[in-house]
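Q: Give me the fold of what follows.
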Amino acid sequence: MFSIFEILALTTLCASVAQSELLAPCHINDDVCFKESANKALPQFMSENKALGIESSDPLKLDLIEGDMPDIKFKFFSPITTGYKQCHVKNMIMNLDALTLHEELDCPNLETTGKYEISGRLMNVPIEGNGDFKISAGTYKIILDFDLETVVGGDNKAYISMKSFKQKNEATSPISFDFKNLFNGKKDLADNALTFANQNWKQVSELLQDPIWNNNMKKIISNANKYLMTEPLDQIFISP
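A: Numbering: from 1, shown residues only. Below you'll find the predicted structure:
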């Protein structure tokens, strides 16, 4: 099996390095160049492209997010998340020989809206209800580790694709939780639950966030991989 470097060497024999439409070409293992290129391309990667059949990642629309934890269960119906185009890549390390990618981002002003059902406990505070919701985050630190793979397209050129990922997410500034119609509109109970959630935003975000982030990131990566299939490796990377 060819290594990524051998694939690049073969493809550059057949085609000169052209200016990439999305990612500016970088030398292999030049992580600074690739980070800068990724930051410039990120808004376009998050955008809809009807001609390519790529859905929008900002706003990001899903049918359902479901959380089923021991102490709390929730469903978010038709959630819409905005703000991913404002994310900034702070660090990026790519190992093309091992086909891995490490990426660290700061994402300010993420907001998710939709309909909800929830029941259980926020730590020691009961919560129950259904209706409209809005979650507004200040800044999230996101750490992503990808396993990559090479794919040969119909043009016999090599492309890169994100095969699987692991992520860590940390809210680094306050989050606002707004759930309408908690406890069927019983104001005292609703106010108590929301006050607790907003005062303890970091702990509550850690309790609820994994199903939300996992579903969102799967859709984002699916969309991004479709864009990557328009960018042959010999356009993205310059062989030494």
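Q: What segments of the chain are helices?
A: 4-14, 31-45, 187-199, 201-228, 233-236 (DSSP state H).
Q: what's the burial count for residue 140?
A: 22 (other C-beta atoms under 10 Å). Where you see a C-beta, it was placed from the backbone N, CA and C, and this is true even at glycine.
Q: re the thing from before, got the helices of the chain as a markdown table, with mean neighbour count columns?
A: Listed next are these as a markdown table, based on neighbours: other C-beta atoms under 10 Å:
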| stretch | mean neighbour count |
| --- | --- |
| helix 4-14 | 15 |
| helix 31-45 | 17 |
| helix 187-199 | 16 |
| helix 201-228 | 18 |
| helix 233-236 | 22 |
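Q: Pick out the shakiest of those, pLDDT-wise.
A: Among the helices of the chain, helix 4-14 has the lowest mean pLDDT, at a mean of 37.
Q: Now do the contacts for the nearest residue to residue 165 once chain neighbours are set aside.
A: Using C-beta to C-beta, 6 or more residues apart in numbering and skipping the chain neighbours, the partner closest in space to residue 165 is residue 146 (4.9 Å). Shown in contact with residue 146 (C-beta atoms under 8 Å, 6 or more residues apart in numbering): 100, 101, 102, 103, 162, 163, 164, 165.
Q: and if we set it to 7 Å?
A: Contact partners of residue 146, counting by C-beta atoms under 7 Å, 6 or more residues apart in numbering, are 100, 101, 162, 165.
Q: The last one contacts residue 221, correct?
A: Yes - proximity of residue 165 to residue 221 meets the contact threshold set by C-beta atoms under 7 Å, at 6.5 Å.
Q: Just list whatever residues bridge to the residue nearest to residue 165.
A: residue 101, residue 165 (DSSP bridges).
Q: Check the burial of the residue nearest to residue 28 when sequence neighbours are not counted by counting its neighbours.
A: Leaving aside its sequence neighbours, residue 28 sits nearest to residue 237 (C-beta to C-beta, 6+ apart; 5.3 Å). By other C-beta under 10 Å, the residues close to residue 237 number 28.
Q: So for residue 237, what pLDDT did the model give?
A: Per the predicted model, pLDDT is 81 at residue 237.
Q: State the distance from it to residue 108.
A: From residue 237 across to residue 108, the span is 30 Å (C-beta to C-beta, to the nearest Å).
Q: Show the pLDDT at residue 175.
A: For residue 175, the model assigns a pLDDT of 97.
Q: List the contacts of it.
A: Contacts of residue 175 by C-beta under 7 Å, 6+ apart are 135, 136, 137, 138, 201, 205.
Q: cool, and residue 178?
A: So residue 178 contacts 133, 134 (C-beta under 7 Å, 6+ apart).
Q: Any idea what it is bridged to?
A: residue 134.
Q: Pick out whichever of the contacts of residue 175 sits closest to residue 96.
A: Among these, residue 137 lies closest to residue 96 (C-beta to C-beta), at 33.0 Å.
Q: Right, I'll call it a day here.
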